[in-house]
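Engineer: return atomic coordinates for the entry below.
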Amino acid sequence: METSNIKIRANTPYPEITNATNDPRTVLILKDLMSSREGELLAILQYVFQSGIARQIDNNIADILEEIAVVEMEHLEVLRNAIIEFGGVPKYDNSKGQAFNTNYINYSTKLKDMLDANIQGEEQAIKNYTNAQMMVNNQSLKNLFARILEDEQLHLNVFKTLRNTVSFLSI
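Structural biologist: Model (predicted):
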């Protein structure tokens, strides 16, 4: 499978946060995007786990999973920084104070099932960021969410393409 032309990151930089004020409501939204069972931390850990499993089957797919995990790490970093700018502490817990749990990770070892889980996860991430855009008042944060959404849409497209390839190859 040719993977050199697969795009996993939008070309524009992540916008900086401006005019941030202490806002506990915004911090809770950011914490869910970062550390909930549907957040960036989950995506990072799941894709890194999957990369190790996929390495036994297809190095190109393993490399793509690792590259997407790196982009998700960038998302986690900008969310962490935003939490701080809006007056919060970027602990790995959600808006209800529940600590991140590695049991949230889908530990499937079948490539088809991994990709199905990733498609579902990216679709949920797109919904979450779209909803978050409507819930926050700070325009620079809305712009940041829009930029992250560009990456998440690319990830969804990559996983769908890989899923179709895996089905075709019966792996």
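Engineer: what mean pLDDT does the longest helix that the chain contains have?
Structural biologist: For the chain, the longest helix by residue count, based on DSSP state H, is helix 139-169. Averaged across helix 139-169, pLDDT comes to 92.
Engineer: and Lys110, how many neighbours?
Structural biologist: For Lys110, the count of nearby residues is 12 (other Cβ atoms under 10 Å). (C-beta placed from N, C-alpha, C; glycine too.)
Engineer: no, scratch that, I was asking about Arg25
Structural biologist: When neighbours are counted by other Cβ under 10 Å, Arg25 registers 12.
Engineer: centre of the chain to the helix or strand hosting it, how far?
Structural biologist: In the assignment (DSSP states H and E), Arg25 maps to helix 24-35. Centroid separation between helix 24-35 and its chain, computed with Cα atoms, centre = their mean, to the nearest Å, is 14 Å.
Engineer: renumber starting at 24 from here on
Structural biologist: Done: numbering now begins at 24, and the last item shifts to helix 47-58.
Engineer: in the next helix or strand after that helix, which residues are buried?
Structural biologist: Counting by DSSP H and E, the element after helix 47-58 in chain order, helix or strand, is helix 63-77. Residues of helix 63-77 classed as buried by neighbour count (16 or more other Cβ atoms under 10 Å): 63-74, 76-77.
Engineer: could those go into CSV alongside distance to Asn154?
Structural biologist: Converted to CSV, those look like this (distance: Cβ to Cβ, whole Å):
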residue, distance to Asn154
Glu63, 15
Leu64, 19
Leu65, 17
Ala66, 17
Ile67, 21
Leu68, 23
Gln69, 21
Tyr70, 23
Val71, 26
Phe72, 27
Gln73, 26
Ser74, 29
Ile76, 31
Ala77, 31
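Engineer: so for stretch 73-86, mean pLDDT?
Structural biologist: In this model, stretch 73-86 has an average pLDDT of 94.
Engineer: ok, now stretch 95-102?
Structural biologist: 98.
Engineer: likewise for stretch 133-146?
Structural biologist: Regarding stretch 133-146, the rounded mean pLDDT is 96.
Engineer: what's the longest helix of the chain packed up against?
Structural biologist: When contacts are defined as 3 or more Cβ pairs under 8 Å, 6 or more residues apart in numbering; DSSP states H and E, helix 162-192 packs onto helix 82-108, helix 134-158.
Engineer: that's all I had, so thanks and see you.
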